[in-house]
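A.B. asks: Mind looking at a prediction? Sequence and model below.
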Amino acid sequence: HDPISAHHNPSAVTVSHLAGPYRAPVPPSLSEVEIQELRKQTRQCMLAVGMFLSGTANTITIKAAMSTLAVGRDGGEPRPFDH
């Protein structure tokens, strides 16, 4: 199967050739352009989820850091830690 001929005849490319060893299988009824668009949208969605999770973790750790109390070297009452 020639990848160049896929532009003229999408059914000429096998699904396993397009999917590769590390990619999820795609339905054989999709054209090469549709498969590429689906993969692009999946990549964008995964990036958005990753950004959301890392932002959430950052917010939680900042909140914890800002609520930290410290006792000075001379003892005394705990006071907010000055970062």
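C.D. replies: Yes, it's here.
A.B. asks: Which secondary structure element is home to Cys45?
C.D. replies: If you go by DSSP states H and E, Cys45 is part of helix 32-66.
A.B. asks: After that helix, which helix or strand is next? Please name it.
C.D. replies: strand 69-72.
A.B. asks: Name the single longest strand found in the protein.
C.D. replies: In the chain, assigned by DSSP state E, the strand with the most residues is strand 75-80.
A.B. asks: Could you tell me the angle between that strand and helix 32-66?
C.D. replies: 150 degrees (axes from the mean of the first three to the mean of the last three CA atoms, to 10 degrees).
A.B. asks: Extract the residue ranges of this protein that are flagged as low pLDDT.
C.D. replies: 1-27, 83 (pLDDT under 70).
A.B. asks: redo that, cut-off 50
C.D. replies: For the chain, the stretches with pLDDT under 50 are 1-2, 13, 15, 18-20.
A.B. asks: Roughly how far does Ser29 sit from Leu53?
C.D. replies: Ser29 sits 33 Å away from Leu53, going by CB to CB, to the nearest Å. C-beta coordinates here come from the backbone N, C-alpha and C atoms, glycine included.
A.B. asks: Could you do Gln44 as well?
C.D. replies: Counting by CB to CB, the separation of Gln44 from Leu53 is 15 Å.
A.B. asks: repeat for Ala64
C.D. replies: 17 Å.
A.B. asks: cool, Gln36 as well?
C.D. replies: 26 Å.
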